[in-house]
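In: sequence plus predicted model, see below.
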Amino acid sequence: MAELFTEQWMKSFMEEWNNEPELSDALAAIDFNSVIGYGFSGEDAPRGVLTIKGGKATEAGAYSGQEMNWDLRATDDNWKKWLQKGIGMTGLGMAYTTGKLKFATGDYMAMVKDPRMATPFIKSFTVMGKVQ
């Protein structure tokens with residue numbers, strides 16, 4: 001598996017994001033715009049960033065000080081487990097409540113209460129797993 005959240009990994013993730021209708025089209029339907037950071041627990045900043053406009057990923061790369069709407073953190077082992085197996089709503093809830101998935105920025109509760117956002121969020125883990 002390629003090293004997570006590198007410049008190249010994020011660019012591949014952007015392509016996979018845009019190729020998955022259950023993710024990009026679902027978020028386009030609610031005109032979702034966001035800057036999402038991805039990184040590892042215990043680090044000061046995320047490693048990679050994805051910019052979403054109208055549901056589509058428009059920019060991807062290394063974190064360089066962007067202001068984020070979401071900043072997701074977990075250990076390398078947990079990221080890899082979720083990318084290999086996916087994560088369902090129950091798994092997501094457990095990961096959040098046990099602190100395995102941390103939202104350094106963003107409102108987890110607001111997101112999971114809105115199925116228009118929660119379903120694509122869960123799908124994003126499956127899409128991450130497609131990155132080579």
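Out: Thanks, I have the structure now.
In: okay, and residue 90 sits in which element?
Out: Assigned by DSSP states H and E, residue 90 belongs to helix 89-97.
In: also residue 111?
Out: helix 108-113.
In: from the chain's centre, how far out does that helix sit?
Out: 14 Å (C-alpha atoms, centre = their mean, to the nearest Å).
In: which residues of the protein score low on pLDDT?
Out: 1-2 (pLDDT under 70).
In: which stretches in it count as helices?
Out: Per DSSP state H, the chain carries helices over the ranges 7-18, 24-28, 76-85, 89-97, 108-113, 115-128.
In: list the buried ones in the helix holding residue 90?
Out: Within helix 89-97, the residues scored as buried using 16 or more other C-beta atoms under 10 Å are 91-92, 95. Any C-beta I mention is one placed from the backbone N, CA and C, and that applies to glycine too.
In: next, the buried residues of stretch 101-113.
Out: 101-102, 104-105, 108, 111-112.
In: let me know the closest of these to residue 21.
Out: Nearest to residue 21 among these: residue 111, at 20.0 Å, using C-beta to C-beta.
In: verify the stated contact: that closest one with residue 117.
Out: Yes: with contact defined as C-beta atoms under 8 Å, residue 111 reaches residue 117; the gap is 4.9 Å.
In: circling back: packing partners for the helix holding residue 90?
Out: Under the contact criterion of 3 or more C-beta pairs under 8 Å, 6 or more residues apart in numbering; DSSP states H and E, helix 89-97 touches helix 76-85, helix 108-113, helix 115-128.
In: a markdown table for these, including distance to residue 36?
Out: Listed next are the helices and strands packed on helix 89-97 as a markdown table, based on distance: least, C-beta to C-beta, whole Å:
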| stretch | distance to residue 36 |
| --- | --- |
| helix 76-85 | 14 |
| helix 108-113 | 11 |
| helix 115-128 | 9 |
